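Asks: Structure for the following, please:
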Amino acid sequence: MRLSGRSLDLAAWLAALILGSIGRSLRWREEGAEGVRALVARGQPFILVFWHGRLAMLPRLYREVGGRRVKILISDHRDGELIARAMAHWGFGAVRGSTRRGAVRGAKGMLRAAREGYDLAITPDGPRGPREVLQAGVVDLARLSGLPLVPVTFSARWAWEFGSWDRFLLPRPGSRALALWGEPVWVGRNQSPAAADELTRQLEDTLRRMRQRADALVGRRPCRERGGSRKRIEPGE
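Replies: Modelled structure (predicted):
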């Protein structure tokens, strides 16, 4: 059923309320955040990179490291409006587009936000997968904006894992949880296409390993892995 108007606002408010309440109830541990905290301390904007399936706790993770101004790339798909309105309750601005559909418009909006001093946030396997396959436009965005990529994920010992394409993870209240951060990755402005492709593969591997490690550290059972294909997206100048 498609929501609109007040129903959409109510659904977004409820989603933000529920996720916020769950996040506050979790017994959190943080690991690897020294790099991102150093960026925040010196006022250096950055690009948050995280799998679509681990989106639920992103606002909390961002706030905990001192993040202040951020815009997230959200797809033009009909579910995107609900996500955008829910994220707005946590202070996340939205840029509409994706690493696929509306890629040029989305990339231009993100580059404009970067010039305005915002942090950026992007799910590189969204909006519809393949799961945990990083699209090349992410590295292009870092190259054109001059901002470092900061991989991040989370896991929870007890959680609901949805049957959606992204295996969306929703922690159960009171569970033990881990926020796992990676080191900032800088991309050279004159990066060659071959080097960009290699960095894309490396970042994809890093994000997968981080998700697997976070799951292992909180005691979650590993899920069956899926593969997919990657397409290069030229974000435009």
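
Asks: among the helices and strands of this protein, which one scores worst on average pLDDT?
Replies: For the chain, counting by mean pLDDT, DSSP states H and E, helix 78-88 ranks last in confidence among helices and strands (a mean of 87).

Asks: Could you double-check that S175 lies in contact with R29?
Replies: No: contact criterion Cβ atoms under 8 Å: S175 and R29 do not qualify, at 11.6 Å. All C-beta spots, glycine's among them, are computed from the backbone N, C-alpha and C.

Asks: Give me the more crowded residue out of these two.
Replies: Higher neighbour count among S175 and R29: S175, with 18 against 12, using other Cβ atoms under 10 Å.

Asks: Look up how far L26 lies from that one.
Replies: Going from S175 to L26 by Cβ to Cβ, to the nearest Å gives 6 Å.

Asks: who touches both of the two?
Replies: A156 (Cβ atoms under 8 Å, 6 or more residues apart in numbering).

Asks: about what we covered before: who does the least confident helix or strand of the chain touch, helix- and strand-wise?
Replies: Here helix 78-88 touches helix 5-25, strand 70-74, strand 92-96, going by 3 or more Cβ pairs under 8 Å, 6 or more residues apart in numbering; DSSP states H and E.

Asks: Reformat those as a markdown table; add mean neighbour count.
Replies: Formatted as a markdown table, the helices and strands packed on helix 78-88 follow (neighbours: other Cβ atoms under 10 Å):
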| stretch | mean neighbour count |
| --- | --- |
| helix 5-25 | 14 |
| strand 70-74 | 25 |
| strand 92-96 | 19 |
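
Asks: Out of these, which is closest to R208?
Replies: Nearest of those to R208, taken as Cβ to Cβ: strand 70-74 at 20.3 Å.

Asks: now I83, nearest residue through space, not along the chain?
Replies: I74 (5.5 Å; Cβ to Cβ, 6 or more residues apart in numbering).

Asks: who's in contact with that neighbour?
Replies: Counting by Cβ under 8 Å, 6+ apart, I74 touches G80, I83, A84, M87, A94, V95, R96, G97, S98, P127.

Asks: Using JSON lines, lay out these together with distance to W51.
Replies: Formatted as JSON lines, those follow (distance: Cβ to Cβ, whole Å):
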{"residue": "G80", "distance to W51": "17"}
{"residue": "I83", "distance to W51": "15"}
{"residue": "A84", "distance to W51": "19"}
{"residue": "M87", "distance to W51": "16"}
{"residue": "A94", "distance to W51": "19"}
{"residue": "V95", "distance to W51": "19"}
{"residue": "R96", "distance to W51": "20"}
{"residue": "G97", "distance to W51": "19"}
{"residue": "S98", "distance to W51": "15"}
{"residue": "P127", "distance to W51": "12"}
